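>>> Structure for this input, please:
(chains A and B)
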There are 2 protein chains.
Amino acid sequence: MEAEMEYVAAAPAERLHAFTRTVFEKVGLSPEQAADGADVLMWASRRGVDTHGIRNLKLIYLRMIEAGQIKTDASFFVEHETPVSAQVNGGGGLGLAAACWAMRLAMDKAEQSGMAFVTMRNSHHLGAAGCYPALALERDMIGICLTGYFNPQGTEIGVLPTFSSRPMFSTNPIAVAFPTQDEAPWLLDMATSIAPYNRVVLHRENGLPVPPQWGLTADGQPTPDAQLMKKMWPLGGDRAHGGHKGYGLSMMVATLSAVLSGDWDEGHDDDPAAFNGYKQNGGSHFFGAIRIDAFRPVDSFKRGMDAMIQALHAAPKEEGQDRIYVAGEIEHETEQQRLREGIPLTAVTVADLKEVSEKYGVGLEIGRLRD
Amino acid sequence: MEAEMEYVAAAPAERLHAFTRTVFEKVGLSPEQAADGADVLMWASRRGVDTHGIRNLKLIYLRMIEAGQIKTDASFFVEHETPVSAQVNGGGGLGLAAACWAMRLAMDKAEQSGMAFVTMRNSHHLGAAGCYPALALERDMIGICLTGYFNPQGTEIGVLPTFSSRPMFSTNPIAVAFPTQDEAPWLLDMATSIAPYNRVVLHRENGLPVPPQWGLTADGQPTPDAQLMKKMWPLGGDRAHGGHKGYGLSMMVATLSAVLSGDWDEGHDDDPAAFNGYKQNGGSHFFGAIRIDAFRPVDSFKRGMDAMIQALHAAPKEEGQDRIYVAGEIEHETEQQRLREGIPLTAVTVADLKEVSEKYGVGLEIGRLRD
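Coordinates of the predicted model:
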């Protein structure tokens, strides 16, 4: 089983949100982009998706902003569009904010046209992919987000194509949300690998072992050592367990994100990181919004979702289990709990946040963990 | 490893196609529906997807037509539509033909609007899901087909929700196709379980064992006995290996097919197969077509696909493997071979086809298998 994180402190979600937003403004982001960035990180932290929450403020986003890799004065713009589609450019800016902008564009187009898809290139890491489809729920739409990366030369840590020894894909997630009536919104947010890369990093950072079925060492051996795990299995694992399907899904995500957005493009002939002149430049994503009432009445759809979820809840359990969950349900319950009790933080994250607080002169009071 | 089928005979694809079409006409289908039905079955047989090919002519389709479960005089009709969507009714007819009709509707709408999705209810088994997205390739579109089933009371053989002991889902496949330039078209056609149900049946029918990682007996024990395997694992397997993701994908497919089409509906209060008055009535599907040029130039997309595929081909191999495949590639090569050498048939299928031939008075010459 997966190791439990050890939390040492906690702070209210609103306080961490204000802190994050202010820090993002201090490093030069517009108030709007700073607010979107804070929304996305705190969405994950509230829901217990610590791998993609405030823990990454320093680890990913401030680090890349300070290194000049993420531009704080980026503007996002449409390169090509129709009433149901857009191919947009993230301007090399904060992926969290660019993705919010693109998802809003998809929803606005869907409002008019019934549905819309938006691809984005020249962006960066967008945080928890599930945050964007969740935005569609309030508008009675189905929401979709994919974000995919493919590197022909392989990555230091990444996902193996079936029968290859070179990790070439990121953990290319699929996120989809369906509105419900009384039940928690149905929200699938899954890496197309057995485990997301960020979860390995989180375990490593906290000195914890990882389940050996998640991946292999650089030499291709199973390992519980989070430091040594470099080659992640696609969902399914090896070929005999259906891993070619996880690999297929990963390539589907890479295609819809990177190829359809033009991020995987030609013209890199002198670049050793390219293959036959092709490479993926950076972060690329795919967003979708579909109006339920393009097909049938919204209320009827939502009641149907509830009934399906309730039928799953009521089904007989596997021995040793007392509950059957549906996608997004555990995170929804965690969110209710964390809104009451605050966001718990590991020692590593507390130290990171203190450093950020001092560096940017933004005060942050972190409290004790409730027993 | 999966067992190899033993083939005992062969016949040219065109001959089997003409036979199938004629038999479908003999049982009362219109020439158009008969031709579509034959197209879909032979598409699978040509590509080596024997689980969904001509083997099912008697086993599924004629059996259900003879039992009055599939209507031969069905017409397919739109219940609700917009320029980008339609919710259609399959009229209780042949799913193979209904699905062709719905996919053509999606493509025609996409031609006008840039993209379109079509949901279908009141249909039946549609054969190999990959056949429909493949139709989109000729029109430079991305093609999508999902078909999903959920039974609140469980099914005799089906896929387990994570932590449940009741198989409630069918193997709810996801099929997606992307056009390429010189490489074989990229075509993912995957059950969201480790193995498709039909493959277990094929093994059973031919007296072959199945890999025990595919599923469990009715009592929840692993088994290599195809007769006893009743509970299929979702892709990933158990929770520790990511099976909750396969379960999530399966429910996504069921929602887009059954809930969004209205096939999973209320008003079954006195039906013991329902849950709180809800149940899925029959076959339901989801089709999509997306114009590439709604985002970027088609040629550039296709060259990008080729480059990505070639980079995968060129990557270092896992020990003991000499090739890396992409989705649809093995089937594409099988198709070239079978178009030259004929469709190989097992003893069970030969016996079935002979019986059909005599029953409906449609001649069929089956030859020896080439060495």
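>>> Can you give the domain ranges for chain A?
The record's domain split for chain A, according to automatic domain parsing, is A:1-73+A:341-371, A:74-194+A:235-314, A:203-232.
>>> Nearest to chain B among these would be which one?
Of all the domains of chain A, domain A:74-194+A:235-314 sits nearest to chain B, with 3.8 Å by C-beta to the nearest C-beta. Quick note: C-beta positions are derived from backbone N, CA and C, even for glycine.
>>> pLDDT averaged over that closest one - what is it?
The average pLDDT within domain A:74-194+A:235-314 is 97.
>>> Correct me if wrong, but residue A:24 is in a strand.
No: secondary structure of residue A:24 (DSSP: H, G, I helix; E, B strand; the rest coil): helix, not part of a strand.
>>> Name the nearest residue to it, ignoring sequence neighbours.
Distances taken as C-beta to C-beta, 6 or more residues apart in numbering or on different chains put residue A:34 closest to residue A:24, at 3.5 Å, once the chain neighbours are dropped.
>>> State the distance from the residue most central in space within chain A to residue A:50.
Taking C-alpha atoms, centre = their mean as the criterion, residue A:128 is the residue nearest the geometric centre of chain A, at 2.5 Å. To residue A:50, residue A:128 is 10 Å away according to C-beta to C-beta, to the nearest Å.
>>> ditto for residue A:66
23 Å.
>>> neighbour count winner among those two?
More crowded of residue A:66 and residue A:50, by other C-beta atoms under 10 Å in any protein chain shown: residue A:50, with 22 against 12.
>>> Would you mind giving the secondary structure of residue A:146?
Classification of residue A:146 by three-state DSSP places it in strand.
>>> That one pairs with what?
For residue A:146, the beta-bridge partners are residue A:174, residue A:286 (DSSP bridges).
>>> mind listing what it touches?
Contact analysis of residue A:146 by C-beta atoms under 8 Å, 6 or more residues apart in numbering or on different chains lists A:129, A:172, A:173, A:174, A:175, A:253, A:256, A:257, A:285, A:286.
>>> Need the residues you listed in a markdown table (columns: neighbour count and distance to residue B:334).
Below are the contacts of residue A:146 laid out as a markdown table (neighbours: other C-beta atoms under 10 Å in any protein chain shown; distance: C-beta to C-beta, whole Å):
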| residue | neighbour count | distance to residue B:334 |
| --- | --- | --- |
| A:129 | 29 | 35 |
| A:172 | 31 | 28 |
| A:173 | 24 | 32 |
| A:174 | 28 | 28 |
| A:175 | 23 | 34 |
| A:253 | 26 | 26 |
| A:256 | 27 | 27 |
| A:257 | 29 | 30 |
| A:285 | 31 | 35 |
| A:286 | 27 | 31 |
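>>> now these in CSV, with distance to residue B:199?
CSV is the format used below for the contacts of residue A:146 (distance: C-beta to C-beta, whole Å):
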residue, distance to residue B:199
A:129, 31
A:172, 26
A:173, 28
A:174, 24
A:175, 29
A:253, 25
A:256, 28
A:257, 31
A:285, 35
A:286, 31
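>>> ok, and does stretch A:38-48 reach over to chain B?
No: using C-beta under 8 Å from any C-beta of the partner chain, stretch A:38-48 stays clear of chain B, coming no nearer than 14.9 Å.
>>> distance between that stretch and the chain's centre?
Distance, stretch centre to chain centre, for stretch A:38-48: 11 Å (C-alpha atoms, centre = their mean, to the nearest Å).
>>> ditto for stretch A:31-48
Distance, stretch centre to chain centre, for stretch A:31-48: 12 Å (C-alpha atoms, centre = their mean).
>>> Then stretch A:136-154?
8 Å.
>>> repeat for stretch A:262-279
26 Å.
>>> how about the longest helix along chain A: buried residues?
Longest helix in chain A by number of residues (criterion: DSSP state H): helix A:95-113. Using 16 or more other C-beta atoms under 10 Å in any protein chain shown as the test for burial, helix A:95-113 gives A:95-107, A:109-110, A:113.
>>> Let me see the contact set for the nearest residue to residue A:178 once chain neighbours are set aside.
Of all residues not flanking residue A:178 in the chain, residue A:186 sits nearest, at 4.3 Å (C-beta to C-beta, 6+ apart). For residue A:186, the contact set (C-beta under 8 Å, 6+ apart) comprises A:177, A:178, A:179, A:180, A:305, A:309, A:326, A:327, A:328, B:251, B:255.
>>> residues touching the second one, list them.
It stands for residue A:178. Applying C-beta under 8 Å, 6+ apart, the residues near residue A:178 are A:142, A:185, A:186, A:187, A:305, B:255, B:259.
>>> Counting neighbours, which of those comes out on top?
Going by other C-beta under 10 Å, residue B:259 tops the contacts of residue A:178 with 31 neighbours.
>>> Please list all residues in contact with that residue.
Per C-beta under 8 Å, 6+ apart, neighbours of residue B:259: A:178, A:301, A:304, A:305, A:308.
>>> if you look at these, which of them are in helices?
When DSSP H is applied, the contacts of residue B:259 are split such that A:301, A:304, A:305, A:308 fall in helices.
>>> Counting neighbours, which of the residues you listed comes out on top?
Highest neighbour count within those, by other C-beta under 10 Å: residue A:308, with 27 neighbours.
>>> Please report how far it lies from residue A:326.
8 Å.
>>> do the same with residue A:355
Distance of residue A:355 to residue A:326, given as C-beta to C-beta: 39 Å.
>>> neighbour count winner among those two?
Shown here are residue A:355 and residue A:326; by other C-beta under 10 Å, residue A:326 has more neighbours (25 against 12).
>>> How is the more buried one assigned, secondary-structure-wise?
Three-state assignment for residue A:326 (three-state DSSP): coil.
>>> how far away is it from chain B?
Distance, residue A:326 to chain B, using C-beta to the nearest C-beta, to the nearest Å: 7 Å.
>>> Am I right that residue A:88 is in a strand?
Yes: secondary structure assignment places residue A:88 in a strand (three-state DSSP).
>>> In chain A, what residue spans correspond to helices?
According to DSSP H, the helices that chain A contains are A:13-26, A:31-46, A:56, A:63-66, A:95-113, A:131-137, A:197-205, A:243-254, A:260-261, A:298-314, A:329-341, A:347-360.
>>> Can you say which of the ones you listed is packed in most?
Highest mean neighbour count of the helices of chain A: helix A:260-261, a mean of 30 (counted as mean count of other C-beta atoms under 10 Å in any protein chain shown).
>>> coming back round to it: which one of the domains of chain A lies nearest to residue B:229?
Closest of those to residue B:229 is domain A:74-194+A:235-314, at 15.0 Å (criterion: C-beta to C-beta).
>>> how far is the closest one from where the chain is centred?
9 Å.
>>> Need the distance between the two termini of that domain.
50 Å (C-alpha to C-alpha, to the nearest Å).
>>> Quick check: neighbours shared by residue A:308 and residue A:326?
Counting by C-beta under 8 Å, 6+ apart, the residues touching both residue A:308 and residue A:326 are residue B:251.
>>> Which ones among the contacts of residue A:178 lie within strands?
Counted as lying in strands by DSSP state E, out of the contacts of residue A:178, are A:142, A:186, A:187.
>>> Of those residues, which is the nearest to residue A:24?
When the ones in strands among the contacts of residue A:178 are compared against residue A:24 (criterion: C-beta to C-beta), the nearest one is residue A:187, at 25.0 Å.
>>> Run a quick neighbour tally on the closest residue to that closest one other than its chain neighbours.
Distance criterion C-beta to C-beta, 6+ apart; nearest residue to residue A:187, sequence neighbours excluded, is residue A:328 at 3.1 Å. Neighbour count of residue A:328, defined by other C-beta under 10 Å: 26.
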